[in-house]
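> Quick one, what's the 3D model for this:
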Amino acid sequence: MNGGSNWMVLFLVASVTAGCGKEENTEYRMDERGSLRARPDAARNRLWVLGVDDVRVYDAAKNQLIGKVVLPGWSVARFVCMPDMALDRWGSAFISSNAQPRIWRIDTDSFEVKVHEISLHGREQWEIGFGALAFASDGTLLALSSPVGSLWRIDVGKASARIIEENTSLRNVCEITPQFLNDFERSQKP
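The predicted structure is shown next:
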């Protein structure tokens, strides 16, 4: 397989395993490999796969496992939306907990893990964790709590999150789409 078709296959795998979308049924959707989410990193020719037990990193060109990372304190709640994973512009992975306000960061080079207990500022009594993550174009990490439908801005360095919008139209949705990000960024401009 050449490089272009490799990425097409990886994109299809990532699309199939990426999440529950806008379905009414919010139970987990796992493929036969047990993956919850898959994210391609074209800049480094990698595929990151969030599984039930670990995060696996593959060399996309060689179709070969190059790293397997166990997340300390990891657990998955079997309700609402599954945890999510987003890659920053440097290739590090950020993984959410759907049960607690917690973020794991995996370094792109060393695969070292750092756990961030996130302090919530807003409607924290109703929040249980984050079902979706995405990076805005300016590098801001956004998270969606699907049970309540609140949108959060996470500052991982300060281990805190501030509510941006309560009860968004994304309630019971398990993914922050590129269209939502574009609309959100346009709405934030003066």
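> May I have the beta-bridge partners of the nearest residue in space to Ser119 that is not next to it in sequence?
Beyond its immediate neighbours in the sequence, the residue positioned closest to Ser119 (Cβ to Cβ, 6 or more residues apart in numbering) is Ser160, lying 4.6 Å away. Yep, even glycine has a C-beta here, placed from its N, CA and C like the rest. Taking DSSP bridges, one finds Ser119, Asp155 as the beta-bridge partners of Ser160.
> Could you pull up the contacting residues of Ser160?
For Ser160, the contacting residues are 118-121, 154, by Cβ atoms under 8 Å, 6 or more residues apart in numbering.
> repeat that with 10 Å
Contact criterion Cβ atoms under 10 Å, 6 or more residues apart in numbering gives 101, 116-121, 152-154 as the residues in contact with Ser160.
> And the strands in the protein, which stretches?
Counting by DSSP state E, the chain has these strands, from start to end: 35-41, 46-51, 55-59, 64-69, 85-87, 93-96, 102-106, 113-117, 119-121, 132-135, 141-145, 150-155, 160-165.
> and the angle from the third one to strand 35-41?
Angle, strand 55-59 to strand 35-41, by axes from the mean of the first three to the mean of the last three Cα atoms, to 10 degrees: 40 degrees.
> list the buried ones in strand 55-59?
Within strand 55-59, the residues that qualify as buried by neighbour count (16 or more other Cβ atoms under 10 Å) are 55-58.
> circling back: please tabulate the strands of the chain in a markdown table and include distance to Phe184 and mean pLDDT as additional columns.
Compiled in a markdown table, those are given as follows (distance: least, Cβ to Cβ, whole Å; pLDDT from 0 to 100):
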| stretch | distance to Phe184 | mean pLDDT |
| --- | --- | --- |
| strand 35-41 | 20 | 90 |
| strand 46-51 | 23 | 94 |
| strand 55-59 | 27 | 95 |
| strand 64-69 | 30 | 94 |
| strand 85-87 | 15 | 96 |
| strand 93-96 | 18 | 96 |
| strand 102-106 | 19 | 96 |
| strand 113-117 | 23 | 96 |
| strand 119-121 | 19 | 87 |
| strand 132-135 | 9 | 93 |
| strand 141-145 | 7 | 90 |
| strand 150-155 | 8 | 90 |
| strand 160-165 | 8 | 88 |
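> Nearest to Asn182 among these would be which one?
Using Cβ to Cβ as the criterion, the shortest distance between Asn182 and the strands of the chain is 11.2 Å, found for strand 132-135.
> how about the strands of the chain, which one is nearest Glu185?
That would be strand 141-145 among the strands of the chain, by Cβ to Cβ, at 10.0 Å.
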